[in-house]
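1. attaching a predicted model along with its sequence, questions to come.
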Amino acid sequence: MGLVWAKLWKMFGREEYKIIITGLDNAGKTTILYQFLMNEVVHTSPTIGSNVEEVKWRNLHFVMWDIGGQESLRQAWSTYYSGTSFLILVVDSTDRERLTITKEELYKMLSNEELKGSGVLIFANKQDVKGSMSAAEISQHLNLTSIKDHGWHVQACCALTGEGLYQGLEWIGAQTKNRT
Ligand code: G3D
């Protein structure tokens, strides 16, 4: 992963990027974040709310939290949206039952003015589990083709092995190039 990051570092250039990592609890967000940051010294900001974690690595600023199940805190989350370049939505591809909640939350976020212009990367995680939904299935359930006002990309991955994660970040890297 160190090499991966060296490549990404070049890809992202010198500009600062804020990346929100979100998804339901148990989707694999923490595993993904720590796969990205493995072997790297990172600066973790003190947690502001009990469900929000912030990590800074070079010019990347990650904000991570769970969506769903925490209605009372949800209003405060939009305060973290400001200045977000990319939204990473992590989906547990084995969790068919809660995909509807994920969908609702995704569209709620996309309709937020502060996230206007942010690119959306959807990780279809846990592809190693037999019977999990494919990236295409998740894309269909989430009706991603209806999203016209945000760039989006769906990527199959397995956070445990790291498979697919780099391809997802490559898409983000390419998007940053398109913007400049
Ligand atoms: P969260 O931060 O979104 O809540 P976590 O999710 O990163 O804590 O992961 C929740 C559980 O899913 C963890 O298992 C983790 O190991 C597992 N997990 C994450 N990614 C994958 C994956 O790609 N494949 C499989 N099979 N499991 C994954 P535990 O048992 O520690 O709760």
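-> That came through fine.

2. any idea how far the ligand is from residue 106?
-> Distance of residue 106 to the ligand, given as C-beta to the nearest ligand atom, to the nearest Å: 15 Å. For every residue, glycine as well, the C-beta is placed using N, CA and C.

3. that residue: what's it in contact with?
-> Residue 106 makes contacts with 89, 120, 142, as judged by C-beta atoms under 8 Å, 6 or more residues apart in numbering.

4. just those residues: which are in strands?
-> Counting by DSSP state E, the part of those found in strands is 89, 120.

5. which among the contacts of residue 106 gets closest to the ligand?
-> residue 89 (11.0 Å; C-beta to the nearest ligand atom).

6. give me the neighbour count for the closest one.
-> Using other C-beta atoms under 10 Å, residue 89 has 26 other residues around it.

7. what's near enough to touch the nearest residue in space to it that is not next to it in sequence?
-> Of all residues not flanking residue 89 in the chain, residue 122 sits nearest, at 4.8 Å (C-beta to C-beta, 6 or more residues apart in numbering). Residue 122 sits next to 88-89, 91, 138-139, 142, 144, 152-155 when contact means C-beta under 8 Å, 6+ apart.

8. can I get those residues in JSON lines with pLDDT, secondary structure and distance to residue 168?
-> JSON lines is the format used below for the contacts of residue 122 (pLDDT from 0 to 100; DSSP: H, G, I helix; E, B strand; the rest coil; distance: C-beta to C-beta, whole Å):
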{"residue": "88", "pLDDT": "95", "secondary structure": "strand", "distance to residue 168": "7"}
{"residue": "89", "pLDDT": "97", "secondary structure": "strand", "distance to residue 168": "11"}
{"residue": "91", "pLDDT": "98", "secondary structure": "strand", "distance to residue 168": "12"}
{"residue": "138", "pLDDT": "98", "secondary structure": "helix", "distance to residue 168": "13"}
{"residue": "139", "pLDDT": "98", "secondary structure": "helix", "distance to residue 168": "14"}
{"residue": "142", "pLDDT": "98", "secondary structure": "coil", "distance to residue 168": "16"}
{"residue": "144", "pLDDT": "98", "secondary structure": "helix", "distance to residue 168": "14"}
{"residue": "152", "pLDDT": "97", "secondary structure": "strand", "distance to residue 168": "12"}
{"residue": "153", "pLDDT": "98", "secondary structure": "strand", "distance to residue 168": "7"}
{"residue": "154", "pLDDT": "98", "secondary structure": "strand", "distance to residue 168": "9"}
{"residue": "155", "pLDDT": "98", "secondary structure": "strand", "distance to residue 168": "4"}
